[in-house]
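>>> build me a model:
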Amino acid sequence: GKQWYQRRVRGMAIASRYFGVFIVPESYNDTWLVVGIKNILFLLFMRKIMGNNECRFWVYQQLLKVYKAECENLLPPLHLKNKSQSYPLTSGNNAQIFHMDPMLTPPHILELMELKSMLVMRIVENRLGNKELMQNAIKKLLSLAWINPSGESSSINALLSTQDFLKTIQVVSGKDLSDFMSRHVYQPGFTTLNFSFAFNRKRNVADVTIKQKTVHDCEKYVGQLTVLVQELDGSFSNLLQVEKTDVLQELNCQSKSRRNKKKKIPLFTGEEVDIDLSHSDQDSPVIWLRVDPEMLWLSRTSIEMPDYMWQAMLLHERDVVYQHMAAEVLPNFTSQGTISTLSTVLLDEKCYYQVRIQALHSLAKCITVSGDPTVNEEILINLYRKLYGSVDNEKFTRMNDFSDFPLYFIQQEFMRAIGRIKDYSGHTTHKIVQFLYHQLYYNDNQRNDYDDSHLIVAIIDGLTETVPHKVDHKMEEVLKHVKQILPKIVCYLNIDKKMPSYQQIVSAACLRFISKLIQYGHIMDSLKDSSLFSAHLKRGQSLKVRCTAIQLLVLFIKNESSERDLNTILSLIEFDQSPFIRCYAVQQLYLLPLFTKHQDCFLNNLHLVERLWRLLNEHHDFNLRCCLAQLYYTLYGRTTPTCVPTNNCAVVIDLKGQTARSNVPGIPSSFRFSSKFDDDRKYSSDDSSSSRKKKKHKPIK
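This next block holds a predicted model:
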């Protein structure tokens, strides 16, 4: 895991040498362009070094992150064309305004804009029709940046703007991207495409219904969308026209009836496989379909298909993105066939490891939501013993051997997935706690060439998931065994201080376990204190431990309303020497707000307002100031905090709009004039106009 992360960092650093250091944006409004081209170069490196599956799955993950951010109204347009360089992220009088300025952009919004820039540049690369054209455009930008108009080698003119990029694209490819820019760059928005189809046996066509829904009130997509249909005779590509309204279109099926079917079914890769069609519709030649397989639309796609199609896709599809999507959807169709399919994929060594991990978590979810008492945790435990059990006796786990990296990652997720399993009544069983404890107690890493810190962390995380929220007569035994594990966890915490693990991740996992016991009240009152978390905030601890301690301390402050611990966090923000720790502490405060606007809370006082305002105006770190501004808006909005006394009570009257705003206690903050007031204002305005006519001004000497 560490080596893969380092490869990504090195690849991004190499790409930044060309676009980000040598070529820089002409203005901050053009940052998206330089960042997007840098990520395109990084994708080439990633596909070459780490493989096509890892590259496609990474792009799919970033697409989901951007979609989630768009749903939460966190993303502004990539390029603002208005003169004010501002955009309201939310509507109303208390709207949050985004300013396109390096000193006013929060780090989390900047990171999301970088991800969306990468997705937009992938679409631009595809619209050019040939990947070599995009590479030629990048080469032309580099050559123009290196040679100035006088013909000498210089990097003074290495400034890239959006207009210059569009001109270069038009020169190289002859295509105009103005419509594309207005849709994806000059405005925010994300769309959701819902697909459903029904097979028409008489006409041998599939009637496809496309429903489009936008996240923001932006313009809907219009264009052609690629749909790959896997049929009995092979995989066939179709182009569907997407309109602004709901569309019903027909897909002509190329395959005949099942009576003339072949023994093996060819896939889009040319491979022929045997597919079990006994549970499928005998009249339909469609096995499954994929929408936008290359992820060239900024959209989240949902397809309505029966369970046997999702099962066939998970077993036989070679696209890791849609295999992962099938594994995510299958828990909605809990059945013996679904459990069997997920188990088969989990044991398949040829399957991509991220798909196997998703199948593992989906299988745990199926066991949890199933009302059948026969479907229990024994299914996953038996699968774990098949993969990691001893040769002599599968009930005992063999010694650690991390030479097979996919099995190493899957083994970690096994611990977390088993810890999340609940029975049909929603309780954690005693068998799960005992199984995880045995994995921790009998863990043997003597003959392993690799460190087992991440595996220990995964086991402790699984035990953390078993901590019950509420205790009844059924959970008393489980809670008793969970408390018996506490001395073992404390022992690992102390050992990690003497012999530190990688970034002290074991200490961070132990802190999360103890925090869960404190949160649900399963620990003695004498130990129910935040001093354990405060002790791990100090310098000398690893970055991972300090971040975990900050996160848990903020959670403790929210649950216990501890003003003393809040002052500890604020002192850390003000005086700590690490800029990352300061920003991270502020981010945790607005990601888990202690209170909301106009909420009566013990922590909502004048001292907190004054201290935040002082930090916001005194610090010179613009990243920290952006985070503090986001925190202030999350807690108080754009209005005056309710805890601040109103010294100057006033009413602001808008005669033209016939409205008024007040900060006087007892009077509404905004109201409209009555009809009687309108008549009085009319008469007063007539009198004032007549008096102005009669008044004579003396000449100025």
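>>> from here on, contacts and neighbour counts on C-alpha atoms
Noted.
>>> quick one: pLDDT of N663?
pLDDT recorded at N663 is 54.
>>> could you look up the SS state of the nearest residue to I169 once chain neighbours are set aside?
Of all residues not flanking I169 in the chain, A137 sits nearest, at 6.3 Å (CA to CA, 6 or more residues apart in numbering). Applying DSSP: H, G, I helix; E, B strand; the rest coil to A137 yields a three-state assignment of helix.
>>> and A137, how far is that from M12?
Relative to M12, A137 is positioned 20 Å away (CA to CA, to the nearest Å).
>>> next: S235.
To M12, S235 is 36 Å away according to CA to CA.
>>> swap in R300?
To M12, R300 is 26 Å away according to CA to CA.
>>> go on, E563?
Distance, E563 to M12, by CA to CA: 42 Å.
>>> of those two, which one has the most company?
Neighbour count, other CA atoms under 10 Å: between E563 and M12, M12 has more, with 18 against 15.
>>> ok, and the closest non-adjacent residue to the more buried one?
F42 (5.7 Å).
>>> same thing with M103?
Excluding the flanking residues, the one nearest M103 by CA to CA, 6+ apart is F622, at 5.3 Å.
>>> where do the helices sit along the stretch 251-400 of the chain?
According to DSSP state H, counting those that start in this stretch, the stretch 251-400 of the chain carries its helices in the segments 307-316, 320-329, 336-347, 353-369, 378-388.
>>> pick the most deeply packed of these.
Ranked by mean neighbour count under mean count of other CA atoms under 10 Å, the helices of the stretch 251-400 of the chain are led by helix 353-369, which reaches a mean of 24.
>>> avg pLDDT for it?
Mean predicted lDDT for helix 353-369 stands at 93.
>>> show me how far it is from its chain's centre.
19 Å (CA atoms, centre = their mean, to the nearest Å).
>>> tell me what angle it forms with helix 320-329.
Angle between the axes of helix 353-369 and helix 320-329 is 10 degrees (criterion: axes from the mean of the first three to the mean of the last three CA atoms, to 10 degrees).
>>> packing partners for helix 353-369?
Applying 3 or more CA pairs under 8 Å, 6 or more residues apart in numbering; DSSP states H and E, one finds that helix 353-369 contacts helix 320-329, helix 336-347, helix 405-419.
>>> part of a helix, is R546?
Yes - counting by three-state DSSP, R546 is found in a helix.
>>> pLDDT score assigned to the residue lying closest to it once chain neighbours are set aside?
The shortest distance from R546 to any residue other than its chain neighbours is 5.0 Å, reached at L537 (CA to CA, 6+ apart). Predicted confidence (pLDDT) for L537: 92.
>>> can you list the low-confidence ranges for the stretch 501-650 of the chain?
Where the stretch 501-650 of the chain drops to pLDDT under 70, the residues are 524-528, 646-650.
>>> repeat that with 80
Within the stretch 501-650 of the chain, the segments meeting pLDDT under 80 span 521-529, 597-600, 619, 644-650.
>>> contacts for stretch 438-450 next, please.
The contact list for stretch 438-450 (CA atoms under 8 Å, 6 or more residues apart in numbering) reads 397, 399-402, 451-452, 456, 459-460.
>>> redo that, cut-off 6 Å
Stretch 438-450 has contacts (CA atoms under 6 Å, 6 or more residues apart in numbering) with 399-401.
>>> next SSE after the longest helix seen in the chain?
Longest helix in the chain by number of residues (criterion: DSSP state H): helix 476-498. Moving toward the C-terminus from helix 476-498, the next helix or strand (DSSP states H and E) is helix 505-519.
>>> give me the angle between that next one and helix 476-498.
Using the same axes, to 10 degrees: helix 505-519 against helix 476-498 is 140 degrees.
>>> tally of neighbours for E132?
For E132, using other CA under 10 Å, the count is 11.
>>> so which bits of the helix or strand in which it is found are buried?
Per DSSP H and E: E132 is located in helix 131-146. Buried residues in helix 131-146, counted by 16 or more other CA atoms under 10 Å: 133-134, 137-138, 141-142, 145-146.
>>> part of a strand, is K202?
No - per three-state DSSP, K202 lies outside any strand segment and is coil.
>>> now do it against N252, distance only.
Applying CA to CA, the value for K202 to N252 is 12 Å.
>>> same question for L608.
66 Å.
>>> secondary structure class for I210?
Classified using three-state DSSP, I210 is strand.
>>> likewise Q187?
coil.
>>> nearest residue to I123 other than its sequence neighbours?
The shortest distance from I123 to any non-neighbouring residue, by CA to CA, 6+ apart, is to L296 (5.4 Å).
>>> so what's the residue count around that neighbour?
18.
>>> was I right to think it contacts M121?
No - taking contacts as CA atoms under 6 Å, L296 lies outside contact range of M121: 9.9 Å.
>>> find residues that contact each of those two.
If you check L296 and M121 against CA under 6 Å, 6+ apart, no residue is contacted by both.
>>> hang on, the earlier thing: and the residue nearest to I123, backbone torsions?
phi -100, psi 10 (degrees, to the nearest 10).
>>> kindly report the same for Q446.
Note on Q446: its backbone torsions stand at phi -70, psi -40 [degrees, to the nearest 10].
>>> equivalent analysis for F195, please.
Per-residue torsions, F195: phi -110, psi 140 (degrees, to the nearest 10).
>>> where's Y632, which helix or strand?
helix 622-636.
>>> how about residues contacting that helix?
103-104, 106, 583, 590, 596-597, 616.
>>> recalculate using a threshold of 7 Å.
By CA atoms under 7 Å, 6 or more residues apart in numbering, the list of residues contacting helix 622-636 from outside reads 103-107, 583, 586-587, 589-590, 593, 595-597, 616, 619.
>>> residues contacting V345?
Taking CA under 7 Å, 6+ apart as the test, what V345 contacts is 315, 351, 356, 359.
>>> in a markdown table, list those along with distance to L239.
Shown next, in a markdown table, are the contacts of V345 (distance: CA to CA, whole Å):
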| residue | distance to L239 |
| --- | --- |
| L315 | 26 |
| C351 | 29 |
| R356 | 31 |
| A359 | 31 |
